[in-house]
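In: got a predicted structure plus its sequence, pasted below:
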Amino acid sequence: MVANVIPRKQNSIRIGVSVSDRIFDIVNTILLLIVFASIAYPLIYVVSASFSDSYAVISGQVRLLPVRPTLMGYKTIFKDPEIIRGFLNSVYVMVIGTAINVVMTVMAAYPLSVKDFYGRNIFMGIFTFTMFFGGGLIPTFLLIKNLGLYNSYFAILLPGAVNVYNVIVARTFFQSSIPHELNEAAEIDGCSDIRFLMQIVLPLSAPILAVLTLMFAVGHWNSYFGPMIYLSDKKKFTLQIILRNILIKNQNSDAMMLDAATLARQQGLADLLKYSLIVVSSLPMLILYPFIQKHFVKGVMIGSLKG
């Protein structure tokens, strides 16, 4: 005998939304759309202008989509050996500099996170002191020159090898994510501090390592003041210095010796190169971010807690 099962209507409870909540949601949505548009439109415009005809760029015809699409800007860029060399130099500085920064930051942050490390508060105070006081540009330049580091990449990489703010963030992450009992259990089993750091702490610290990697990589890639001050060999110039020189050269060109058509053509090509270089110089960071994005948010949130 099969019993007939009669479905019963479940009473659903509706929670009313007040008028003030609806207004708040609408205002937030409008504000977020405005912020998104103000951020997205310049990016879309730069990409569209880099693929547009040079005359359309200088005449203001580009609004949202490319006008008479062309690859002239990118072809000109990749034909220039200085730009290719500057791009490779920037990649080299970013990779080596990021590796040095991450290693030095972890080496400074992990001991400061260990509770039984003698004198850690004193060392933390010394680190914090450097955040408020610095030697200045001229003494730093003289020091770099006397050490024989002038016109070398180490003049860019070594002075900023340790960033105190990132050391504090990494120390907070280690304190909040690595239990002290885990260290005690490893010591009982005969694990040394270096082995504990390499085989236990670092595999569990992927979020903060991703944060440090992205922060340092973006900093090195966008840096132009250090290479401009400490590098004199044109073969060692980074992409940002090459871009700066191209913009200055275009602004200081002798316009009195050219007719209107030639001047307009050169100005259009200069603007096209400018937008194309912006896209090319931003591409590595856009490629890097998706690979560490899943760890980035977690690392920032955990490392931002006080401990």
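Out: Structure received. Numbers count the residues shown, from 1 in each chain.
In: need the contact partners of stretch 28-43.
Out: The contact list for stretch 28-43, computed with C-beta atoms under 8 Å, 6 or more residues apart in numbering, reads residue 64. Just so you know, the C-beta spots here come from the backbone N, C-alpha and C atoms, and that holds for glycine as well.
In: output that stretch as CSV, nothing but the C-alphas.
Out: What follows is stretch 28-43 as a C-alpha-only set of coordinates in CSV (Å, rounded to 0.1, in the frame of the first residue of the first chain):
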residue,chain,number,x,y,z
ASN,A,28,25.4,53.0,-3.3
THR,A,29,24.8,51.4,-6.6
ILE,A,30,24.9,54.8,-8.4
LEU,A,31,28.1,55.8,-6.6
LEU,A,32,29.8,52.5,-7.4
LEU,A,33,28.8,52.8,-11.1
ILE,A,34,30.2,56.3,-11.2
VAL,A,35,33.5,55.1,-9.6
PHE,A,36,33.7,52.1,-12.0
ALA,A,37,33.1,54.4,-15.0
SER,A,38,35.7,56.9,-13.9
ILE,A,39,38.2,54.1,-13.6
ALA,A,40,37.3,51.9,-16.6
TYR,A,41,36.8,54.7,-19.2
PRO,A,42,40.4,56.0,-19.1
LEU,A,43,41.7,52.4,-19.5
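In: quick one: mean pLDDT over that stretch.
Out: Per-residue pLDDT values over stretch 28-43 give a mean of 92.
In: list the buried ones in it?
Out: Neighbour counts over stretch 28-43 (16 or more other C-beta atoms under 10 Å) mark no residue as buried.
In: how distant is that stretch from the center of its chain?
Out: Centroid separation between stretch 28-43 and its chain, computed with C-alpha atoms, centre = their mean, to the nearest Å, is 21 Å.
In: do the same with stretch 175-187
Out: Distance, centroid of stretch 175-187 to centroid of chain: 31 Å (C-alpha atoms, centre = their mean).
In: please, which helix or strand holds the nearest residue in space to residue 271 that is not next to it in sequence?
Out: Spatially, and ignoring its direct neighbours in sequence, residue 271 is nearest to residue 57 (4.9 Å; C-beta to C-beta, 6 or more residues apart in numbering). Using DSSP states H and E, residue 57 sits in helix 54-58.
In: on that earlier part again, what's the spacing between the residue nearest to residue 271 and residue 243?
Out: 17 Å (C-beta to C-beta, to the nearest Å).
In: more crowded one of those two?
Out: Higher neighbour count among residue 57 and residue 243: residue 57, with 24 against 20, using other C-beta atoms under 10 Å.
In: would you confirm that the more buried one contacts residue 272?
Out: Yes - with contact defined as C-beta atoms under 8 Å, residue 57 counts as touching residue 272 (5.7 Å).
In: the stretch 1-150 of the chain: helices as residue ranges?
Out: 19-50, 54-58, 72-79, 81-113, 120-132, 137-146 (DSSP state H, counting those that start in this stretch).
In: can you put the ones you listed in TSV and add distance to residue 172?
Out: As requested, the helices of the stretch 1-150 of the chain are exported to TSV (distance: least, C-beta to C-beta, whole Å):
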stretch	distance to residue 172
helix 19-50	29
helix 54-58	47
helix 72-79	42
helix 81-113	8
helix 120-132	11
helix 137-146	29
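In: closest one to residue 200 among those helices?
Out: Of all the helices of the stretch 1-150 of the chain, helix 81-113 sits nearest to residue 200, with 11.1 Å by C-beta to C-beta.
In: what are the buried residues along the closest one?
Out: 83, 85-87, 89-90, 93-94, 97-98, 100-102, 104-106, 108-113.
In: tell me what angle it forms with helix 120-132.
Out: 150 degrees (axes from the mean of the first three to the mean of the last three C-alpha atoms, to 10 degrees).
In: what about helix 81-113, average pLDDT?
Out: 90.
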